[in-house]
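>>> build me a model:
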Amino acid sequence: YYADQTINTGGVAKGNTIKDDDQVVKGTAEKTNITNGNQTIGAGGKATTNSIDNTTGTHGYQAVSGTATDNTLKNADQIIEKTGVAVKNVIDNAGAEHGIQVVRGKAEDNTLSNTDQRVEKDGIASVKNDITDGNQFVDGFAENNTITNKATNRGKQMINGTANNNKLTNTNQIVKKGGLATDNTQTGNSHLTVENGGEAKNNTLNGDIDMIVEANGKATGKTTFIGKNHLHLYAATTNGAYVEDLALSQTKGKSSVTVYEGTQEHDAVTIGTLNGKAAVNFDHRTNPAGHTQMNINNLGNNDPAQYDNTTLDFTMNSNILNGNSDFINTDNAYGQHYVTIIERGTGKEAVLNRPQSADFAYVKNVAGDSNAVFGMKDADGKILNLMDAGTYIHNIQTRTGADNDTTWSFTATDRLTPSTRAVLA
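The predicted structure is shown next:
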């Protein structure tokens with residue numbers, strides 16, 4: 001047993017057993033077993049096959065400014081400084097004080113239990129990072145991250161830097177401004193948030209998982225909903241929430257989308273390609289009479305066998321008094337879709353000299369083969385041909401432009417509703 005062992009530059013120590021004391025390595029140390037103590041590996045120092053077991057003592061640490069290989073830590077933290085390299089690190093704080101691995105240099109092949117990993121700005125955590133009952137904070141670079149927590153005690157992965165290949169169970173993923181998360185798979189009681197200026201690329205959501213894309217946030221690549229998933233999109237005048245390619249569930253009732261208004265009338269969100277089945281709700285909790293725009297480059301696809309696989313039920317605000325409505329703006333659109341109109345101006349049209357209308361959808365038909373049809377439903381989901389609202393009977397009408405583009409409108413016909421006729425009688 002050695003007490004407070006220091007291995008100076010050029011020195012070599014093998015088969016070291018240290019109890020209730022520390023080891024400082026400036027030279028080379030091989031096969032070191034430390035019980036209830038700490039290890040410091042200085043710049044230029046090298047330590048291989050290191051065991052630090054503080055399960056019967058106070059929480060300890062391994063500080064690495066040199067090179068440490070094959071490290072097993074119990075009830076201890078690991079701090080890897082900018083000049084440090086730590087390879088094959090097992091940090092087990094199960095049943096002990098919650099630990100942390102701080103990566104300012106390089107950490108390769110990390111297995112952590114009841115331990116957080118903090119990868120600082122210039123830090124690199126590579127090969128793999130398996131974290132159980134812990135969190136990951138990435139300001140630098142981390143790859144092949146598997147984070148597993150209990151459903152009753154969710155963890156989090158917070159990304160300001162870059163995190164690639166993330167498999168998260170019962171873990172909230174938050175991509176901050178300037179952060180990039182790629183190849184993300186969410187399972188269990190998890191949650192994905194892409195904040196203003198953040199980007200999440202290639203996202204697969206299993207289970208009952210919510211996904212939030214804030215204004216100026218981006219979900220690039222393919223986003224796939226497999227479980228019972230809900231997408232929250234926040235509009236803005238410029239750079240509203242953006243989703244490049246969204247594949248919703250093929251099972252009706254599993255996927256849903258909410259579009260939240262911005263600060264200006266007709267602030268927008270954008271989806272590049274949208275396939276699947278979902279209820280899409282335009283939310284106006286701040287301005288109940290406001291209107292928002294949803295830009296969709298390609299709604300559905302032009303394969304006849306796939307037409308029935310993309311059906312969306314939109315719930316929208318409309319005001320035919322001022323000709324305004326929530327708006328769906330598409331380049332190409334295919335298949336059958338439905339709108340439930342919440343009319344804010346019905347009952348007031350009688351003061352006008354003619355029936356009014358509000359456009360709610362536009363299909364530019366860039367590819368030349370768009371065939372989308374928008375029908376009407378009531379609040380209970382019943383398909384309608386006509387809607388008894390306010391003074392006049394309402395229906396959906398279309399206008400075809402010179403370029404074979406189509407505009408869809410919610411229109412008050414010149415037919416009075418039965419209730420109005422009864423009053424007049």
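>>> ok, Ala241 - contacts?
Val194, Val213, Glu214, Ala215, Asn216, Gly217, Leu233, Tyr234, Ala235, Val269, Thr270 (CB atoms under 8 Å, 6 or more residues apart in numbering). Quick note: C-beta positions are derived from backbone N, CA and C, even for glycine.
>>> redo that, cut-off 10 Å
By CB atoms under 10 Å, 6 or more residues apart in numbering, the residues touching Ala241 are 194, 196, 212-219, 231-235, 259-260, 262, 268-271.
>>> restricted to buried residues, select those in PyMOL.
Burial among the contacts of Ala241 is assessed by 16 or more other CB atoms under 10 Å; the matching PyMOL selection reads:
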select buried, resi 194+212+213+214+215+216+217+218+219+231+232+233+234+235+259+260+262+268+269+270+271
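>>> just the contacts of Ala241: which are in strands?
Applying DSSP state E to those, the entries found in strands are 194, 212-213, 218-219, 231-234, 259-260, 268-271.
>>> let me know the closest of these to Ala151.
Nearest to Ala151, judged by CB to CB, of these is Ile212 at 19.7 Å.
>>> quick one: that closest one and Val257 touch, right?
No - assessed by CB atoms under 10 Å, Ile212 is found out of contact with Val257, at 11.5 Å.
>>> identify the contacts common to these two.
Common neighbours of Ile212 and Val257, using CB under 10 Å, 6+ apart, are His230, Leu231, His232, Leu233.
>>> got JSON lines for those residues, with pLDDT and distance to Ala163 too?
As requested, these are exported to JSON lines (pLDDT from 0 to 100; distance: CB to CB, whole Å):
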{"residue": "His230", "pLDDT": "97", "distance to Ala163": "23"}
{"residue": "Leu231", "pLDDT": "98", "distance to Ala163": "21"}
{"residue": "His232", "pLDDT": "98", "distance to Ala163": "21"}
{"residue": "Leu233", "pLDDT": "98", "distance to Ala163": "23"}
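>>> in CSV: those residues, plus distance to Lys377.
As requested, these are exported to CSV (distance: CB to CB, whole Å):
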residue, distance to Lys377
His230, 20
Leu231, 21
His232, 23
Leu233, 22
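>>> greatest separation within the residues you listed: which pair is it?
Most distant of the shared contacts of Ile212 and Val257, by CB to CB, are His230 and Leu233, 10.7 Å apart.
>>> list residues touching both of these two?
Shared contacts of His230 and Leu233, defined by CB under 10 Å, 6+ apart, are found at Met211, Ile212, Val257, Thr258.
>>> closest to Ala305 among those residues?
Nearest member of these to Ala305, counting by CB to CB, is Val257, at 24.3 Å.
>>> okay, and the beta partners of that closest one?
Val257 forms beta bridges with Leu231, Val280, as assigned by DSSP bridges.
>>> then Asn317?
Here Asn317, judged by DSSP bridges, has bridge partners Ile342.
>>> count residues in the vicinity of it, would you?
24 (other CB atoms under 10 Å).
>>> report pLDDT for it.
Reported pLDDT at Asn317 in the predicted model: 88.
>>> equivalent analysis for Ile320, please.
77.
>>> from Thr55, how far out is the closest residue to it other than its chain neighbours?
Sequence neighbours aside, Gln356 is the residue nearest to Ile320 in space, at 4.0 Å (criterion: CB to CB, 6 or more residues apart in numbering). Distance of Gln356 to Thr55, computed by CB to CB, to the nearest Å: 76 Å.
>>> between the two, which one's more packed in?
Using other CB under 10 Å, the more surrounded residue of Gln356 and Thr55 is Gln356, with 19 against 14.
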